[in-house]
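Asker: Sharing a sequence plus its predicted fold:
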Amino acid sequence: MKRISTRLILTYTLLIMMTFVVLGLIFHGMMRTYMITETSRQLQEEATALKKALQNEGRADSSDRRMTKLRVVGHLIDAEYMILNVKKEIVFASTTNHLITNLSLTKSLNKDKLPKVIRINGRQYVISLNKLPLNKDRFDQHFLLMYSPLTQIQAFTERINGLLLRGFLLTSILMLLVSFLFARRISAPLRTLMQRTQQLAARNWEGTLEIKREDEIGELSRSMQQMATQLRSYDENQKRFLQNASHELKSPLMSIQGYAEGIKEGIFSGKEADHGLNIIVAESERLKHIVDDLILLSKLDQSDEFFNPIKVDLSLIIQQSIDRIRPLSDKSEIIIQLVGNNETRLVFIDEKRCIQAFINILSNAIRHARNEVRIDIFNRDEGYTVSVTDDGLGIDEAFLPHLFERFQKGEDGDTGLGLAITKKIVEKSGGRLNATNRQEGGAQFTIWLPKKN
């Protein structure tokens with residue numbers, strides 16, 4: 001497996017090489033062009049100086065006299081030169097060891113446009129060609145050809161390239177060192193994150209991530225630590241849930257088993273047997289209720305397909321919930337007062353599940369109220385707030401933080417799942433649910449649901 005640090009170093013090395021190769025080629029081309037242009041300019045300046053020196057002579061001077069002066073002045077310049085006649089043939093050359101012949105020179109110079117660099121006998125030369133006033137007869141025309149071998153420019157360019165290569169190697173070493181340190185700075189915390197992930201996969205919740213950085217890796221480590229905390233809480237809740245579920249299921253099963261065995265063995269007979277059968281039926285109903293609630297919670301946790309929101313009137317949902325809970329309130333002689341239900345309030349919720357949620361809250365309020373349960377509806381914060389209050393003793397402050405946890409039963413509680421289901425339904429609807437104690441006494445449940453746009 002290739003580590004990310006290795007990949008970063010390889011990528012960085014490749015990038016460095018590509019950058020220097022491209023820059024080297026560009027610099028080499030620019031340097032060569034500059035040197036050719038500069039050499040051509042210098043040749044042109046020296047040719048101009050020679051022409052001026054010859055023009056200062058009198059017009060009556062002979063060609064031989066001017067040629068003699070040309071030889072004298074020619075020793076003062078660095079470049080090699082030739083005198084060509086009108087046929088572009090060599091009349092005079094500053095050196096006898098030249099490789100340029102009449103034939104090769106004629107082929108190169110008989111072109112419409114004379115280039116700065118010509119190739120003769122396999123060698124390249126930078127040239128400058130100018131007319132020479134060697135004779136006052138304009139038909140006796142001569143040319144001054146100044147030239148410099150390109151090998152001098154190439155040698156200079158090679159020296160520059162050598163310096164660039166050494167600079168490239170030194171810079172590459174430094175940049176590779178920087179890339180190595182940079183890769184380690186990235187890969188080290190990633191390895192720490194990987195080790196922590198393996199610990200979490202093994203359900204080892206102990207330990208924390210000590211990565212103090214303000215970049216994306218630091219943000220990732222903080223998110224992973226938050227995830228570890230949530231996973232630990234979820235794992236503990238699952239264990240507690242299984243313990244509570246097994247306890248809640250075990251109690252009715254033991255009652256059912258005990259009475260069933262007693263009736264079978266003839267221990268209970270007559271009225272006792274009838275009483276035992278009634279308990280078996282009641283505990284079976286309770287057991288069915290618990291199982292149904294557990295299945296509902298599981299579906300709410302795992303599947304969105306089970307939850308089917310539609311556009312409905314919140315006021316109508318609350319009224320239907322009151323109508324369904326009316327038998328319980330009448331039996332307990334509790335008055336349900338509804339305030340602010342005189343307008344249409346559209347929300348996007350699952351009608352059936354939200355009615356169930358309101359019934360759970362209302363039944364809880366009725367069980368703890370003394371005389372009255374009050375329902376208020378407000379328009380607030382781009383949504384609707386429903387407040388359900390009772391005039392009972394309120395909720396035990398120690399129990400209040402655990403009110404919506406599963407299998408947390410208060411006084412006269414049933415399965416301990418009703419409020420957990422209610423909170424899950426409200427959150428699935430995009431809303432919020434919380435409970436507090438009122439200063440004047442009693443509990444208050446507040447539900448907020450977003451408006452349907």
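Answerer: Looks like it came in fine. Residues are numbered from 1 along each chain as shown.
Asker: tally of neighbours for the closest residue to Asn308 other than its chain neighbours?
Answerer: Excluding its sequence neighbours, the residue lying closest to Asn308 (Cβ to Cβ, 6 or more residues apart in numbering) is Asp350, at 5.4 Å. Bear in mind the C-beta positions are built from the backbone N, C-alpha and C, glycine included. Neighbourhood size, Asp350 [other Cβ atoms under 10 Å]: 18.
Asker: how far away is Asp350 from Val339?
Answerer: From Asp350 over to Val339 the distance is 25 Å, taken as Cβ to Cβ, to the nearest Å.
Asker: the strands in this structure, which residues?
Answerer: Here the chain has its strands, by DSSP state E, at 80-84, 90-93, 117-120, 123-132, 142-149, 310-313, 335-339, 346-349, 372-380, 383-390, 432-437, 443-450.
Asker: contacting residues around the last one?
Answerer: Put plainly, it is strand 443-450. 314, 347-349, 357, 361, 364-365, 368, 380-390, 392, 394-395, 426, 429-438 (Cβ atoms under 8 Å, 6 or more residues apart in numbering).
Asker: Mean confidence (pLDDT) on that strand, please.
Answerer: The pLDDT scores in strand 443-450 average 92.
Asker: Alpha carbons only: can I get that strand in PDB?
Answerer: Only the C-alpha atoms of strand 443-450 are listed here, as PDB (Å, rounded to 0.1, in the frame of the first residue of the first chain):
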ATOM      1  CA  ALA A 443     -45.400  21.100  33.600                       C
ATOM      2  CA  GLN A 444     -45.200  22.700  30.200                       C
ATOM      3  CA  PHE A 445     -44.500  20.800  26.900                       C
ATOM      4  CA  THR A 446     -43.600  23.100  24.000                       C
ATOM      5  CA  ILE A 447     -43.700  21.800  20.400                       C
ATOM      6  CA  TRP A 448     -42.500  23.900  17.500                       C
ATOM      7  CA  LEU A 449     -43.200  22.900  13.900                       C
ATOM      8  CA  PRO A 450     -42.100  24.800  10.700                       C
END
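Asker: What strands flank it, and is each parallel or antiparallel?
Answerer: With DSSP bridges as the test, strand 443-450 is paired with strand 383-390 (antiparallel), strand 432-437 (antiparallel).
Asker: Looking at the ones you listed, which is nearest to Met17?
Answerer: strand 432-437 (58.3 Å; Cβ to Cβ).
Asker: hmm, which helix or strand of this protein has the shakiest average pLDDT?
Answerer: Within the chain, confidence by mean pLDDT, DSSP states H and E is lowest for helix 102-109 among all helices and strands, at a mean of 52.
Asker: Mind checking the strands of the chain for the one nearest to Leu220?
Answerer: Among these, strand 432-437 comes nearest to Leu220, with 29.0 Å by Cβ to Cβ.
Asker: which other residues reach the closest one?
Answerer: If you take Cβ under 8 Å, 6+ apart as the criterion, strand 432-437 is touched by 394-395, 397, 400, 403-404, 422-423, 426-427, 443-448.
Asker: Relative to Thr6, which of the strands of the chain is closest?
Answerer: Closest to Thr6 of the strands of the chain is strand 123-132 (Cβ to Cβ; 46.4 Å).
Asker: where's the closest one relative to the chain centroid, distance-wise?
Answerer: 62 Å (Cα atoms, centre = their mean, to the nearest Å).
Asker: Buried residues in it, which are they?
Answerer: Judged by neighbour count (16 or more other Cβ atoms under 10 Å), strand 123-132 contains these buried residues: Tyr125, Val126, Ile127, Ser128, Leu129, Asn130, Leu132.
Asker: Which strands border it, and is each parallel or antiparallel?
Answerer: If you go by DSSP bridges, strand 123-132 pairs up with strand 117-120 (antiparallel), strand 142-149 (antiparallel).
Asker: May I see those organised as CSV, with mean pLDDT added?
Answerer: As requested, these are exported to CSV (pLDDT from 0 to 100):
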stretch, mean pLDDT
strand 117-120, 72
strand 142-149, 77
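Asker: looking at those strands, which is buried most?
Answerer: Most buried of the strands paired with strand 123-132, by mean neighbour count (mean count of other Cβ atoms under 10 Å): strand 142-149, with a mean of 21.
Asker: Now do the same for Ile66: its pLDDT.
Answerer: You called it Ile, but residue 66 is Arg. pLDDT for Arg66: 56.
Asker: Same check on Thr422?
Answerer: At Thr422, the model reports a pLDDT of 89.
Asker: ok, Ile279 to Leu417 distance?
Answerer: In terms of Cβ to Cβ, Ile279 sits 22 Å off from Leu417.
Asker: Looking at the two, which is more packed in?
Answerer: Remark: of Ile279 and Leu417, Leu417 carries more neighbours, 25 against 16, as counted by other Cβ under 10 Å.
Asker: how much space between the residue nearest to that one when sequence neighbours are not counted and Ala183?
Answerer: Closest residue to Leu417 in three dimensions, ignoring its sequence neighbours and counting by Cβ to Cβ, 6+ apart: Asp293, at 4.1 Å. Here the criterion is Cβ to Cβ. By it, Asp293 lies 54 Å from Ala183.
Asker: Leu176 too?
Answerer: Distance from Leu176 to Ala183, by Cβ to Cβ: 10 Å.
Asker: Mind listing the shared neighbours of those two?
Answerer: Common neighbours of Leu176 and Ala183, counting by Cβ under 8 Å, 6+ apart, are Ile9, Tyr12.
Asker: okay, those two: which has more neighbours?
Answerer: Taking other Cβ under 10 Å, Leu176 and Ala183 do not tie; Ala183 has more neighbours (20 against 14).
Asker: show me the residues around Leu150 that make contact.
Answerer: If you count contacts by Cβ under 8 Å, 6+ apart, Leu150 has them with Ile36, Val117, Arg123, Gln124, Tyr125, Val126.
Asker: Where does the record place the domain boundaries for the chain?
Answerer: By the assignment in automatic domain parsing, the chain contains the domains 4-159, 216-302, 310-450.
Asker: how close does Glu248 sit to Ile361?
Answerer: To Ile361, Glu248 is 21 Å away according to Cβ to Cβ.
Asker: wait, what's in contact with Ser223?
Answerer: No contacts exist for Ser223 under Cβ under 8 Å, 6+ apart.
Asker: just checking, Ser40 touches Tyr125?
Answerer: No - using Cβ atoms under 8 Å, Ser40 makes no contact with Tyr125, being 10.7 Å away.
Asker: Neighbour-wise, give me the winner out of the contacts of strand 432-437.
Answerer: Ile447 (26 neighbours).
Asker: Can you list the buried residues in stretch 16-34?
Answerer: For stretch 16-34, burial by neighbour count (16+ other Cβ under 10 Å) applies to Ile16, Phe20, Met31, Arg32.
Asker: Can I get it in CSV, CA atoms only?
Answerer: What follows is stretch 16-34, C-alpha atoms only, in CSV (Å, rounded to 0.1, in the frame of the first residue of the first chain):
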residue,chain,number,x,y,z
ILE,A,16,9.5,20.0,-9.7
MET,A,17,11.1,18.2,-12.7
MET,A,18,8.4,19.3,-15.1
THR,A,19,8.7,22.9,-13.9
PHE,A,20,12.4,23.0,-14.3
VAL,A,21,12.4,21.2,-17.6
VAL,A,22,9.9,23.7,-19.0
LEU,A,23,11.7,26.7,-17.5
GLY,A,24,15.0,25.3,-18.7
LEU,A,25,13.8,24.9,-22.3
ILE,A,26,12.2,28.4,-22.3
PHE,A,27,15.3,30.0,-20.8
HIS,A,28,17.6,28.2,-23.2
GLY,A,29,15.6,29.4,-26.2
MET,A,30,15.4,32.9,-24.9
MET,A,31,19.1,33.0,-24.1
ARG,A,32,20.1,31.7,-27.5
THR,A,33,17.8,34.2,-29.2
TYR,A,34,19.2,37.0,-27.1
